[in-house]
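J.: Got a predicted model here, sequence first, then my questions.
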Amino acid sequence: MLGELLKASQLCDFDHLPALIARHAAAEGLLDARVYLADRQQQVLRMLGEGPDWSPEKGQLDIDGTLAGLAFREVEIVGPYRTAEEAAAGEPYRFWVPVLDGTERIGVLEARSPRDDRRVRELLSGLAALVGMLIVSKRMHSDTYARVTRTRAMTLAAEVQWHLLPPLAFANDRVTIGAAIEPAYEVGGDAFSYAVSGRTLFLSIFDAMGHDTSAGLTASIAIASWRGHRRAGMGLADISMAIQEDVIEQFDGERYVTGVLSRIDLDTGELTWVNRGHPPPLLVRGGRWVDVLDSEPTLPMGLRLPERPREHRRRLEPGDRLLYYTDGITEARDPKTGEPFGMERFVRFIVRHAAGGLAAQETLRRLMQDILRHQSGRLQDDAAVLIAEWKGDSSQMTFDSGYGPADDVAAGGLGVGPGGRGRRGSGIRPPGTRR
């Protein structure tokens, strides 16, 4: 079935995928197959359909509080399920399966089957994996994908930003990455980027001055410059100077962008970074204490720095987590009391949910919801966060790429794999305190 679906999809555009998927699934006994895609804020699942009577709003499901949403949140198969009325009528069971691009959650596949056995679950898992590949391969040239995954219109700056950002999740045998950014439809100056080159991981986060189209353009220049000069083989300090000159060339000193540029040797865990006027990254180790990766004060990129900034180094230990963030996270204020979200609340939120075995993406989704609630549903500034966990050698892996009982996370890391359940920790301790 999967091979035939793959062949048939070669000349199929994005809009006709739902019918193609349902037809090939039905041939193997998986009935009424439907695909739901998560919106940009990961608050709802919206059914992918076609035809004159279809609209993304029809069949919309909340991610919190539904069985389909449970499959999305926990990254595992949910089912078999049927109501008492369906059972009495002999209706088939319903199943919901997460649809992934690597470790990034795209949506959920729903299908019915009269049986619940190993073969059915293998078919569901295989079909969901292929559906993920098909969606990713065809979404870039589809306006329908954009319509389905948006619940409202985007600003011009956000339209540009989202096309520059990498997926919100990534994992291999040495590192796990999760990211989030808000406000999803109005983001202007915040951005992040990561890339793997051989055994090196590059990570960066940026925060451009302002919250308008010019801020979005400034952040876009910073990301493009970072990628271009990095791929040309330049070092971190020199790249920061090149970004500085590129921003000055466009805005003549009237705009600037803060940022952290870094790389990790995935074999040794050596972290190297340059900070240009940005909040310093945080190091979480063992779920018990946090270290701030401080460096000497430097000017943002876009303001002329009198001398080349210094690169800093730190050796990571397996399981260490790096938290990169913008000030929109910690400085988010309650509009009634003026209370900031704060550094301690931010870090405790991340560590507490990770210690409870929650997947990195789900942790960040809930973090952004918590920040939105703190600001009564509307952010006063962009907010972005990027988390990276270095796992050491492959024997230290903390995620599983399959489904089923073996999905439990083995070592209590960020738990980005299906199931997302890990060893419990005991919270964080500030640097310098005794254990």
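T.: Good, I have the coordinates. Residues are numbered from 1 along each chain as shown.

J.: hey, let's count contacts and neighbours off CA atoms from now on
T.: Will do.

J.: Residue 107 falls within a strand, correct?
T.: Yes. Checked against DSSP: H, G, I helix; E, B strand; the rest coil, residue 107 lies within a strand.

J.: Tally up the residues packed near it, please.
T.: As a burial measure, residue 107 scores 31 neighbours (other CA atoms under 10 Å).

J.: how close does it get to residue 131?
T.: With the distance defined as CA to CA, to the nearest Å, residue 107 ends up 10 Å from residue 131.

J.: what residues are shared contacts of the two?
T.: Between them, residue 107 and residue 131 share the neighbouring residues residue 99, with contact defined by CA atoms under 8 Å, 6 or more residues apart in numbering.

J.: Need phi/psi at residue 299.
T.: When quoted as degrees, to the nearest 10, the phi and psi of residue 299 stand at phi -80, psi 150.

J.: how close does the residue nearest to it when sequence neighbours are not counted get to residue 79?
T.: Of all residues not flanking residue 299 in the chain, residue 277 sits nearest, at 5.2 Å (CA to CA, 6 or more residues apart in numbering). Summarising the geometry, the distance separating residue 277 from residue 79, computed by CA to CA, is 50 Å.

J.: again with residue 107
T.: Counting by CA to CA, the gap from residue 107 to residue 79 is 16 Å.

J.: Please apply the same query to residue 252.
T.: Counting by CA to CA, the separation of residue 252 from residue 79 is 59 Å.

J.: do residue 55 as well
T.: Applying CA to CA, one obtains 27 Å for the distance of residue 55 from residue 79.

J.: what does residue 220 give?
T.: Relative to residue 79, residue 220 is positioned 43 Å away (criterion: CA to CA).

J.: Kindly report the same for residue 132.
T.: In this view, residue 132 and residue 79 are 20 Å apart by CA to CA.

J.: higher neighbour count, those two?
T.: For residue 132 versus residue 79, the count of surrounding residues by other CA under 10 Å is larger for residue 132: 22 against 18.

J.: Make sure the more buried one is actually in contact with residue 100.
T.: Yes. With contact defined as CA atoms under 8 Å, residue 132 counts as touching residue 100 (5.4 Å).

J.: Find residues that contact each of the two.
T.: Joint contacts of residue 132 and residue 100 (CA under 8 Å, 6+ apart) are residue 106.

J.: now the residue nearest to residue 105 when sequence neighbours are not counted, what's its secondary structure?
T.: Spatially, and ignoring its direct neighbours in sequence, residue 105 is nearest to residue 99 (6.2 Å; CA to CA, 6+ apart). Reducing the assignment to helix, strand or coil with three-state DSSP, the entry for residue 99 is strand.

J.: Repeat that for residue 193.
T.: At residue 193 the chain is in strand, as set by three-state DSSP.
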